[in-house]
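Engineer: Need coordinates for the below:
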Amino acid sequence: MCPLLKYITAVLGLFFCFSSCTKDDNNEPKTTSLEITIKDENGQFVTQNCYVKLYGTVEDLTNQQDLGAIGEPQFTDAEGKVLFSNLNPQKYYWKIQKSGNGNCVKNNFNDTYSDLGLISPLTEGIKTQVTTNVSPKGSFDITNHTGNTCRLYINNVFAEDVINNGAYSQINKKTGAYTVRMVVTSTAKDSTFTMQVNCGETTPVFLNP
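Structural biologist: So this is what the prediction gives:
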């Protein structure tokens, strides 16, 4: 073999070697991950004092003891994002909480379970990106001191029959004004009033004769 042919063969061998190495480097396993972008009620990115917990089921999400979170809570970065990696290709749900301005708390949790998780499972080896919102939330506690059972309606929707000295409570409710209608079942007394729910507070309401 002539020297020139030997040289060309050696160069080609090195080329294919480096090509093979580069190809192998680019074939690193891809992780299944979920990136969540958090925005507030005004559409602004939430970048401070905000953390996200991830769950595999709605039951784990709503567990009051909060024992089913996957991994550690993730805090939002400068772009309002959190990233959960090395996940299984399944549905996930999340609980978001942002605190600040005294006791004011903004979160994504409410009684209808909307905006709490994925519509479909993650795809294996793919980073799924979603955007979700938080809003100010508060609570209320309605106690019946009328001496009779009261039928309650909240915003014209039946809530519960509350016995005497019983209570009807709700947490993680959107802030704002709520219309409360009270009907005393034994006397048919019917009254309506407005209840205000404030961020991070529990509004006490007492039903009297």
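Engineer: Tell me how this protein divides into domains.
Structural biologist: Domain assignment for the chain, taken from automatic domain parsing, gives 33-133, 137-207.
Engineer: Give me the distance between the last one and the centre of its chain.
Structural biologist: If I follow you right, that is domain 137-207. Mean C-alpha position of domain 137-207 versus that of the full chain (CA atoms, centre = their mean, to the nearest Å) differs by 26 Å.
Engineer: now for it, what's the gap between its first and last residues?
Structural biologist: Taking CA to CA, to the nearest Å, domain 137-207 runs 23 Å from one end to the other.
Engineer: what mean pLDDT does that domain have?
Structural biologist: The average pLDDT within domain 137-207 is 94.
Engineer: which residues are in contact with stretch 88-102?
Structural biologist: Stretch 88-102 has contacts (CB atoms under 8 Å, 6 or more residues apart in numbering) with 32, 34, 36, 38, 40, 46, 48-58, 60-61, 69-70, 84, 105-109, 116-118, 120-124, 132, 134, 200. From N, CA and C alone the C-beta is placed, and that goes for glycine too.
Engineer: which among the residues you listed end up buried?
Structural biologist: Among the contacts of stretch 88-102, those scoring as buried are 32, 34, 36, 38, 40, 46, 50-56, 60-61, 69, 84, 105-109, 116-117, 122, 132, 134, 200 (criterion: 16 or more other CB atoms under 10 Å).
Engineer: Check the gap between the residue nearest the centre of the chain and Val105 for me.
Structural biologist: The centroid of the chain falls nearest to Lys95 when counting by CA atoms, centre = their mean (3.4 Å). Separation of Lys95 from Val105 (CB to CB, to the nearest Å): 12 Å.
Engineer: Leu83 now?
Structural biologist: Separation of Leu83 from Val105 (CB to CB) stands at 24 Å.
Engineer: swap in Tyr178?
Structural biologist: Taking CB to CB, one finds Tyr178 at 18 Å from Val105.
Engineer: List the residues that contact Thr203.
Structural biologist: Counted by CB under 8 Å, 6+ apart, Thr203 has contacts Gly138, Ser139, Phe140, Asp141, Met195, Gln196, Val197.
Engineer: can you put the residues you listed in TSV and add neighbour count and distance to Ser99?
Structural biologist: As requested, those are exported to TSV (neighbours: other CB atoms under 10 Å; distance: CB to CB, whole Å):
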residue	neighbour count	distance to Ser99
Gly138	22	13
Ser139	16	15
Phe140	21	20
Asp141	14	21
Met195	16	24
Gln196	12	21
Val197	19	17
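Engineer: Next step: those residues restricted to strands.
Structural biologist: Those of the contacts of Thr203 mapping onto strands are Gly138, Ser139, Phe140, Asp141, Met195, Gln196, Val197, per DSSP state E.
Engineer: ok, which pair from those residues is furthest apart?
Structural biologist: Pairwise distances across the ones in strands among the contacts of Thr203 peak at 13.4 Å for Asp141 and Gln196 (criterion: CB to CB).
Engineer: where exactly do the strands run in the chain?
Structural biologist: For the chain, the strands defined by DSSP E cover 33-39, 50-55, 74-75, 81-84, 93-99, 105-107, 127-133, 135-144, 150-154, 157-162, 167-174, 176-184, 190-197, 202-207.
Engineer: what angle do the second one and strand 93-99 make?
Structural biologist: In other words, strand 50-55. 160 degrees (axes from the mean of the first three to the mean of the last three CA atoms, to 10 degrees).
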